[in-house]
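J.: Pasting a predicted model and its sequence here:
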Amino acid sequence: MAEIKKVAVIGAGTMGNGIVHVFAQNGFDVTMVDVRQEALDQARATIRGNMDRQIKKGALAEADRDAALRRIAAATDLAAVAGADLVVEAATENRDLKFRIFAEMDAHAPAHAILATNTSSISITEIAAQTKRPGQVIGMHFMNPVPVMKLVEIIRGLATTDETTRTTVALAEQLGKTVAEAQDYPGFVANRILMPMINEAVFCLMEGVAEAEAIDTVMKLGMNHPMGPLALADLIGLDTCLAIMEVLHSGLGDDKYRPCPLLRKYVAAGKLGRKTGEGFYNY
Ligand SMILES: NC(=O)c1ccc[n+]([C@@H]2O[C@H](COP(=O)([O-])OP(=O)(O)OC[C@H]3O[C@@H](n4cnc5c(N)ncnc54)[C@H](O)[C@@H]3O)[C@@H](O)[C@H]2O)c1
């Protein structure tokens, strides 16, 4: 099984910074790549802040935080994947963007490198087809917030080899995560089930069935969910939620997956949830 020592993470947003955090904390050298320098600066600050919280809880030593932060390098150019054994792509949930990134990554990454994507819903098989190494392309779907959430959904594309799968599963376990394997269908398992629930909660809000707080209270206290669906949508990002619904709708061709018009309206208004300070709630 290939040994993974150096990792590159593409996209330093909500998910990217969490993925960088867990790899660095577990002893990997990580290069984070984003087209926006401010995203890289913000990611470093967020990682430090989250590690400080772990220190306060007694879950991390100060010396280990400092060592982890030293293992993180940053770049604005995708060519920085040149030394990586594994690349995890966590850029914006957009099909054409991911296709371009994978074609470019394929040109720069070493021949042995595994190219993983954190996509929530886009076909692993189609992403893999943009490269000359489809056997080494796999879905590595972390959950938000990455340092806290145990699950990694591993998704095999049509061409993904057993060896790529074994290496990626072992790696996720090395990060202290639990793996669930899924096949490559729109939304895989996590978002095939989660996103229609969130979308239905937005329909309830739009139709005036209940206020946002009441909808979330029903799901928290009635179904024992740790967070209500609207608060969770704000955490995920409403643009990401809309993008996933579009993939389910077009990929499965069933109108039960049509995105709620109110979700579209919030995204059009730039109310994307926590990352913009406003969504179904204010932050
Ligand atoms: N937000 C969630 O809860 C969640 C959960 C699991 C998976 N995901 C998936 O993770 C991925 C990232 O989502 P996010 O919520 O972190 O998005 P985000 O908007 O917070 O961050 C995306 C980052 O990608 C960067 N980017 C855009 N184009 C780029 C390029 N060409 N090269 C490098 N960087 C580029 C952006 O500047 C931004 O910083 C998506 O595929 C999403 O579906 C999200």
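T.: It's in.

J.: The protein: helices as residue ranges?
T.: In the chain, the helices defined using DSSP state H lie at 14-25, 37-56, 62-70, 95-108, 124-128, 162-174, 190-206, 212-217, 223, 229-236, 238-252, 261-268.

J.: For residue 77, which of these is the nearest?
T.: helix 95-108 (9.1 Å; CB to CB). Every residue, glycine included, has its C-beta placed from N, CA and C.

J.: packing partners for that closest one?
T.: Under the contact definition 3 or more CB pairs under 8 Å, 6 or more residues apart in numbering; DSSP states H and E, helix 95-108 sits against strand 86-89, strand 114-117, helix 124-128.

J.: In the last one, which of the residues would be classed as buried?
T.: Read it as helix 124-128. 124, 125, 127, 128 (16 or more other CB atoms under 10 Å).

J.: number of nearby residues for the residue nearest to the first one when sequence neighbours are not counted?
T.: Nearest residue to residue 124 in three dimensions, chain neighbours excluded: residue 157, at 3.7 Å (CB to CB, 6 or more residues apart in numbering). Here the number of neighbours of residue 157 (other CB atoms under 10 Å) works out to 22.

J.: Figure out which of the helices of the chain is closest to residue 136.
T.: Residue 136 sits nearest to helix 162-174 of all those, at 5.2 Å, using CB to CB.

J.: ok and that closest one relative to helix 14-25, angle-wise?
T.: 80 degrees (axes from the mean of the first three to the mean of the last three CA atoms, to 10 degrees).

J.: Show me what counts as buried in stretch 110-119.
T.: 113, 114, 115, 116, 117, 118, 119.

J.: per-residue pLDDT, residue 1?
T.: At residue 1, the model reports a pLDDT of 62.

J.: quick revisit: export the helices and strands packed on helix 95-108 to JSON lines and tack on distance to the ligand and mean pLDDT?
T.: Shown next, in JSON lines, are these (distance: least, CB to the nearest ligand atom, whole Å; pLDDT from 0 to 100):
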{"stretch": "strand 86-89", "distance to the ligand": "8", "mean pLDDT": "98"}
{"stretch": "strand 114-117", "distance to the ligand": "7", "mean pLDDT": "98"}
{"stretch": "helix 124-128", "distance to the ligand": "10", "mean pLDDT": "98"}
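
J.: Of these, which is nearest residue 205?
T.: Among these, the nearest to residue 205 by CB to CB is strand 114-117 (31.2 Å).

J.: Name every strand pairing with that closest one and say which way it goes.
T.: If you go by DSSP bridges, strand 114-117 pairs up with strand 86-89 (parallel), strand 137-142 (parallel).
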